[in-house]
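**Student:** give the three-dimensional model of this entry:
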Amino acid sequence: MQKIRHTPVAPTRTQRLASGGEIDAHRHDDHQIAYASRGTIAVTTDAGSWIAPATRALWIPAGTVHRHQAHGELDLHLIGLPTTDNPLGLDTPAVLAVSPLLRELIVAYTRDPDNDTPPHHRLRAVMLDQLTLSPERPLHLPAPTDPLLHELHDILRTDPADNRSLDDLGRQIGAGARTLSRRLRDDLGLTYPQWRTQIRLHHALVLLADDTPVTTVAHRCGWSSASTFIDVFRRTFGHTPGTRPTR
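**Tutor:** Next comes the predicted model:
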C-alpha cells in the first residue's frame, strides 16, 4: 500500500521541477492552490486528474489526497490557505482561469512567502479578491469506476489518436456501444465524444509542455487537421496552442 504523507500546513513557496518530476501522494489540513508559470502541472486524486497550463491554476481542497506531476520544465507556485479562506466555495478539486493580473499576484506572493509586512498582506488580500473572479474551467479527466470503462480508458490513454467507433472499441472489450454509452453517462456523466475529447486535450497539454509542434500534437491526439485541433483548443482554453503568457 502506498504511504500517504500528511503535511498539516500546506506550504506557500516557489519550486522548480524537471519534466516528469513528481511530488508524491500527500494531503494537507489546509486548502492549496498550485500554479505553473512555466510548464504544465497535473494533479491526480482517486477521483481522476486535473491538468493546467500557464493560463490555469489548480484548486486542491483541504484533506484531498493528491500528487503533482510536471510536464515540461516546471516553475511551480504553491499557496496554502486556511480552511476559512475559500474564495469560490469549492469543496472538490478544480481548474481555475488565471488572468494576467492574477498570474503576477501569485508569482509575487510566492516569491517571498515569509514576508510578514503590511504590503505583503495587502498583496494577499488582492490575490484572494481576484480568485473570486476566476471561473472554474472543465479540465477534469474523471477516473472511471466501471471495469469496462477502465479497459476503454486504457485503450484511449495509450493511443489518443485511435479513431475507431465505440462499436469497434466495444467489440475489443466485449461490450456493445449502447452499454458503454449508458455506463459513461451513469459513471462519469459524459458522452463518449466528450470523454474522448477530454482525454485528447489532456494528452495534448502534456505534448505541448515538451515543445512538441502543434501539427504533431494534432496528429498524435487524433484530430483530422491542425486547424481542427487549434479550434477545439481555443474554445476550451481561450487561446491557441502556441500562445504562452508574457513573462
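
**Student:** now do the strands in this protein.
**Tutor:** 5-6, 13-17, 22-27, 31-45, 48-52, 56-60, 66-81, 94-97, 136-137, 140-142 (DSSP state E).

**Student:** these: lowest mean pLDDT?
**Tutor:** Lowest mean pLDDT of those: strand 136-137, a mean of 74.

**Student:** in its sheet, what does that one sit against?
**Tutor:** In the sheet, strand 136-137 lines up against strand 94-97 (antiparallel) (DSSP bridges).

**Student:** now do the strand it pairs with: everything it contacts.
**Tutor:** 33, 50-52, 55-59, 88, 131, 134-140, 238 (Cβ atoms under 8 Å, 6 or more residues apart in numbering). All C-beta atoms are positioned from the backbone trio N, CA, C, and that covers glycine.

**Student:** of these, select the buried ones using a PyMOL command.
**Tutor:** Typed into PyMOL, the line below selects the buried ones among these, using 16 or more other Cβ atoms under 10 Å:
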select buried, resi 33+50+51+52+55+56+57+58+59+131+134+137+139+140
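
**Student:** pull out the buried residues from the helix ranked longest in the chain.
**Tutor:** Counting by DSSP state H, the longest helix found in the chain is helix 192-209. Across helix 192-209, burial judged by 16+ other Cβ under 10 Å covers 192, 195-209.

**Student:** mind listing what's buried along stretch 12-26?
**Tutor:** In stretch 12-26, counting by 16+ other Cβ under 10 Å, buried: 12, 14, 17, 19, 21, 23, 25-26.

**Student:** spit out the contact partners of the spatially most central residue of the chain.
**Tutor:** Most central in the chain under Cα atoms, centre = their mean is Ile51, positioned 1.6 Å from the mean C-alpha point. Each residue near Ile51 by Cβ under 8 Å, 6+ apart is listed here: 40-43, 71, 95, 139, 141, 202, 205-206.

**Student:** contacting residues around the worst-scoring helix or strand of the chain on mean pLDDT?
**Tutor:** Least confident element among the helices and strands of the chain, by mean pLDDT, DSSP states H and E: strand 136-137 (a mean of 74). Strand 136-137 is touched from outside by 56, 88, 90, 94-97, 236-237, with contacts defined as Cβ under 8 Å, 6+ apart.

**Student:** from the contact counts, what lies against the longest helix of the chain?
**Tutor:** strand 31-45, strand 48-52, strand 66-81, strand 140-142, helix 147-158, helix 177-188, helix 214-220, helix 226-237 (3 or more Cβ pairs under 8 Å, 6 or more residues apart in numbering; DSSP states H and E).

**Student:** which stretch among those comes nearest Asp114?
**Tutor:** strand 66-81 (12.5 Å; Cβ to Cβ).

**Student:** so that closest one versus strand 22-27, what angle?
**Tutor:** Per axes from the mean of the first three to the mean of the last three Cα atoms, to 10 degrees, the angle that strand 66-81 makes with strand 22-27 is 70 degrees.

**Student:** can you list the strands that strand 66-81 pairs with?
**Tutor:** Strand 66-81 has these strand partners (DSSP bridges): strand 13-17 (antiparallel), strand 22-27 (antiparallel), strand 31-45 (antiparallel).

**Student:** any chance of these in JSON lines, plus distance to Pro160?
**Tutor:** As requested, those are exported to JSON lines (distance: least, Cβ to Cβ, whole Å):
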{"stretch": "strand 13-17", "distance to Pro160": "24"}
{"stretch": "strand 22-27", "distance to Pro160": "22"}
{"stretch": "strand 31-45", "distance to Pro160": "15"}
